[in-house]
Each structure stands twice: as structure tokens, then as C-alpha cells.
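>>> Turn this into a model:
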Amino acid sequence: MIQIRKAEERGHFDHGWLNTYHTFSFADYYDPKCMGFQALRVINEDRVEPGRGFGTHSHRDMEIVTYVLEGELEHRDSMGTGSVIRPGEVQRMSAGTGVLHSEVNPSRTKPVHFLQIWILPERQGLRPEYEQKAFPAGERAGKLRLVASHDGAEGSLTIHQDAKLFAGTLRDGESIRYSLHPGRHAWLQVARGTVDVNGKKLSAGDGAAIEDEKEIDLKGQDAEVLLFDLN
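Numbers count the residues shown, from 1 in each chain. As a prediction, this is how the structure comes out:
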């Protein structure tokens, strides 16, 4: 069974400096039918204007993954971390018992376009952690590259949840097949382009909840996707 969440159905707010879309309920957007999917709680697609961003604010008990599509995002936090995240790089912050951080577009001329993902942790009260890794374009081209997992397999980021996150790009007509183990669930998020998933067409911004499917067949048209394998 595949249930599609269309891009235009998402919550949308344009704050001038921030143009944001919420796949699931978040902040001032509330839909009791869209509170998340399994341990996946938030997928926000954000575009931030040059020199603007999110000032210092707090999080706790959440696994936060940031995936930059275009531009740069500067991160600073109360753990002493300071970094810039660029396309091809993925950041994981485990908020745990509590962390303060800020996210700013450091460019004076170019906007930044990114996805911010929240995953519920396997337990509360974890020690706050930060991790960032690069996954070159060649590792994601025509395949699903594991970028986050519970055990940090294949050089992926380590998240405190029984979940796997894959990133992949597909040129026109390229296809990928992914086997879903019994009892597992998947969420597919299309970051750009169009994708045919088991015969259903999805476009940029669309998402799909996938259950009771043995295999996921993806065929892309200049596409970039994120696939979540969830308990």
C-alpha cells in the first residue's frame, strides 16, 4: 500500500526571510491526520534568504538530520560545534537532554535550500551529540546511499533509532529497486525531479507512506530522493 502526500497538501508559511513547507504537523501548522509516520516526526523543506536564519533556540529528545540541497547552512551549538553544511553533506544532531543551536545562511547573495528531518529517539535523556559527513555525488548516483543508520553502517551517520535513511539521485530513466523486510515501513520524500514508485508518479515535494510492500521500484526523471526504512 502506498499513500501519497502531495506537495501542495503540506503546511506552508512564507515569512519573507523563510519560505517553509511542513510535510507533517509542525509549529503553527496542525493536522491531526499528519502527525508523522512511525518514528519519522518532521520533514520541513526550507528556503532561507541570504544573511538570515534561525537564531539560537533549544531542542531536546529528538534526532535532527539536515540535508542541504542548494547553498550553505552555518550551524553553531552549545556543544561548541561550528560548521557549514553544503550539498552532499548530511548533519545529525542528537538533542538528547537539551542543546541550544542556531542555523544561518552565511551567504550575502544566495539563498539556502534544505530539508530538516526530525526522528524520535529510541529513548529519552540521551547525551547530546553532533556529527557531519560528506557523501559525494558519485556515491548517490543511480543508487541509494545509506547516509544514516542505527549502527553507523557503511560509514553512515549514527542515529539513536531503528531506522535507515538513504539518499539517491536518478537521471532520466534510471531505476532503483529496494527490498523492504516484512514488518518494516518506508517513507519516500522527493527532493527534486519526478519519480515513479511502484507505478505511482511523485513530483518534487511529494512524499509517500509505504506499507506491506515487498519491493520498492523507483524510476526517476532528473530526481533526488530520500528513502526512510522504519520499524
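>>> and whichever strand or helix holds residue 92, how far from the chain's centre?
Element membership for residue 92, per DSSP states H and E: strand 89-94. Offset of strand 89-94 from its chain centre (C-alpha atoms, centre = their mean, to the nearest Å): 10 Å.
>>> What pLDDT does the model give residue 83?
Confidence at residue 83, expressed as pLDDT, is 96.
>>> and it, how far is that from residue 133?
11 Å (C-beta to C-beta, to the nearest Å). No exception for glycine: its C-beta is placed from N, CA and C like everyone else's.
>>> any residues in contact with both of those two?
Listed as contacting both residue 83 and residue 133 by C-beta atoms under 8 Å, 6 or more residues apart in numbering is no residue at all.
>>> Could you list every helix and strand in contact with the longest strand along the chain?
Counting residues, the longest strand found in the chain (DSSP state E) is strand 215-230. Secondary-structure packing of strand 215-230 (3 or more C-beta pairs under 8 Å, 6 or more residues apart in numbering; DSSP states H and E): strand 163-170, strand 175-179, strand 185-197.
>>> got the angle between that strand and strand 163-170?
Between strand 215-230 and strand 163-170, the angle comes out at 140 degrees (axes from the mean of the first three to the mean of the last three C-alpha atoms, to 10 degrees).
>>> sorry, back to before: of the helices and strands packed on strand 215-230, flag the one that's most buried.
strand 163-170 (a mean of 24; mean count of other C-beta atoms under 10 Å).
>>> In terms of secondary structure, what does it contact?
Partner elements for strand 163-170 (3+ C-beta pairs under 8 Å, 6+ apart): helix 137-140, strand 145-149, strand 175-179, strand 215-230.
>>> Show the contacting residues for the residue most central in space within the chain.
Geometric centre of the chain, nearest residue: residue 117, 4.3 Å, by C-alpha atoms, centre = their mean. Applying C-beta under 8 Å, 6+ apart to residue 117 gives the contacts 40, 42, 43, 44, 64, 65, 66, 67, 165, 226.
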